[in-house]
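**Q** give me the fold of what follows.
(one chain, ligands or ions: 2)
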Amino acid sequence: MSNILEIKNLYKYFGGIRAIDNLSMQVRENSLTALIGPNGCGKSTLFNVISGVLKADSGSIKFNGTELIGLQPNEINHLGLSRTFQDTKLFQNLTVVENMMLPPKHQKGEKLINIFKSKEKVDEMETELLDKALDILDLLEIRHMGYEYTKNLSGGQSKLVDLARILMSDPKMLLLDEPTAGVNPALTEKLFQKIFEMKNKLNLTVMIIEHDMDVIMRDEVDYVFVSNLGNIVAQGIPKEVQKNKDVIEAYLGK
Ligand SMILES: Nc1ncnc2c1ncn2[C@@H]1O[C@H](COP(=O)(O)OP(=O)(O)O)[C@@H](O)[C@H]1O
Ligand SMILES: [Mg+2]
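**A** Ligands and ions are numbered 1, 2, ... in the order given. Predicted coordinates:
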């Protein structure tokens, strides 16, 4: 198995705050990889830097061998790397399907291209997009929500729809920032199972930021990174990391 993502000596400071401080890590292709650590330790910042939303101070991030540092978010998305935000980014006054058919954020010019195409061609493209959206909803078993306004969805449903939305760009790898945050505990398990099934069906690599240890310490998770103060302080398969009492006590407060 090869590494799909290789990060070397990455730095990102916000003034005096060392959000990412000489961080290096490798993510195996087709793995379900978790990144855990206390609040404020730089997990979301790492996803922001990988996805090009924030510029790194220095370091290297290679995705399938391509250097991501210096690329724009839409260029990174086109390479097959998609991410969700800790707070879902859905348009509340649009339906689920409409949200999915919008071009991803930061992607300018997609609509402009349509001006140069015939109406028939545009209709054809819209039909293709709709079919694709419905297929993805089928895959996640939420087709019944397709024409619901997203403002009417629960926290857990919104997380699934956000996932459906980022699958529209045919990603190879997903970065999911706290997909179970704000989801009622009974549904967390279901949501996690869906993410796991989807990953296998679509042959994806998935990296999940998670603060709940119990969600992560399970057989479906291939590898765990423990982060603190902008660095990786422990890593291994869930059983190894869980056995490491120091890690759990010092960094996770359990
Ligand atoms: N855009 C930003 N500007 C300034 N400081 C930030 C910004 N984003 C995050 N930080 C700071 O960087 C640190 C890491 O934050 P974050 O990556 O959100 O942590 P986590 O996701 O692990 O909770 C925190 O101290 C946070 O306040
Ligand atoms: Mg965060």
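
**Q** so who does I195 touch?
**A** I195 makes contact with L163, L176, P179, V206, I208, according to CB atoms under 8 Å, 6 or more residues apart in numbering. Placement of C-beta: from N, CA and C, glycine included.

**Q** so where does the residue lying closest to E6 once chain neighbours are set aside fall, helix or strand?
**A** Of all residues not flanking E6 in the chain, K62 sits nearest, at 4.5 Å (CB to CB, 6 or more residues apart in numbering). Per DSSP states H and E, K62 falls inside strand 58-63.

**Q** so how far is that strand off the chain centroid?
**A** Centroid separation between strand 58-63 and its chain, computed with CA atoms, centre = their mean, to the nearest Å, is 18 Å.

**Q** who does that strand pair up with?
**A** strand 3-14 (antiparallel), strand 66-67 (antiparallel) (DSSP bridges).

**Q** just those: most buried one?
**A** The highest mean neighbour count among these, using mean count of other CB atoms under 10 Å, belongs to strand 3-14: a mean of 18.

**Q** neighbours around the closest residue to L94 other than its chain neighbours, how many?
**A** Distances taken as CB to CB, 6+ apart place T150 nearest to L94, at 6.6 Å, with adjacent residues excluded. When neighbours are counted by other CB atoms under 10 Å, T150 registers 21.

**Q** picking that back up, just checking, the residue nearest to E6 touches L68?
**A** Yes. K62 lies in contact with L68 (CB atoms under 8 Å); the separation is 7.1 Å.

**Q** any idea how far ligand 1 is from the residue of the chain most remote from its centre?
**A** Relative to the centre of the chain, and counting by CA atoms, centre = their mean, the farthest-placed residue is S118 at 35.3 Å. With distances taken as CB to the nearest ligand atom, to the nearest Å, S118 is found 44 Å from ligand 1.

**Q** again with F63
**A** Using CB to the nearest ligand atom, F63 is found at 20 Å from ligand 1.

**Q** again with T188
**A** T188 is 18 Å from ligand 1, by CB to the nearest ligand atom.

**Q** show me what contacts that residue?
**A** Contacts of T188 (CB under 8 Å, 6+ apart): G156, T180, D212, V215.

**Q** what's around D138, how many residues?
**A** D138 has 11 nearby residues by other CB under 10 Å.

**Q** count the neighbours of the residue of the chain found nearest ligand 2 for me.
**A** At 3.2 Å from ligand 2, S44 is the closest residue in the chain, using CB to the ion. Residue neighbour count, defined by other CB under 10 Å, stands at 18 for S44.

**Q** was I right about it contacting H211?
**A** No. Contact between S44 and H211 fails when scored by CB under 8 Å: they sit 11.1 Å apart.

**Q** just to revisit the earlier point, mind checking which of the contacts of T188 are buried?
**A** Neighbour-count burial (16 or more other CB atoms under 10 Å) is assigned, among those, to G156, T180, V215.

**Q** check contacts around the second one.
**A** The contact partners of T180, taken as CB under 8 Å, 6+ apart, are K159, T188, L191, F192, E210, D212, V215.

**Q** so what's the fourth one closest to, chain neighbours aside?
**A** The shortest distance from F192 to any residue that is not its chain neighbour, by CB to CB, 6+ apart, is 5.9 Å, and that residue is V215.

**Q** any idea which helix or strand carries that neighbour?
**A** Using DSSP H and E, V215 sits in helix 213-216.

**Q** need the contact partners of the helix or strand just after that helix.
**A** As assigned by DSSP H and E, the chain's next helix or strand after helix 213-216 is strand 223-228. Strand 223-228 has contacts (CB under 8 Å, 6+ apart) with 23, 25, 27-28, 31-38, 41-43, 46, 216-217, 232-238, 241, 247, 250-252.
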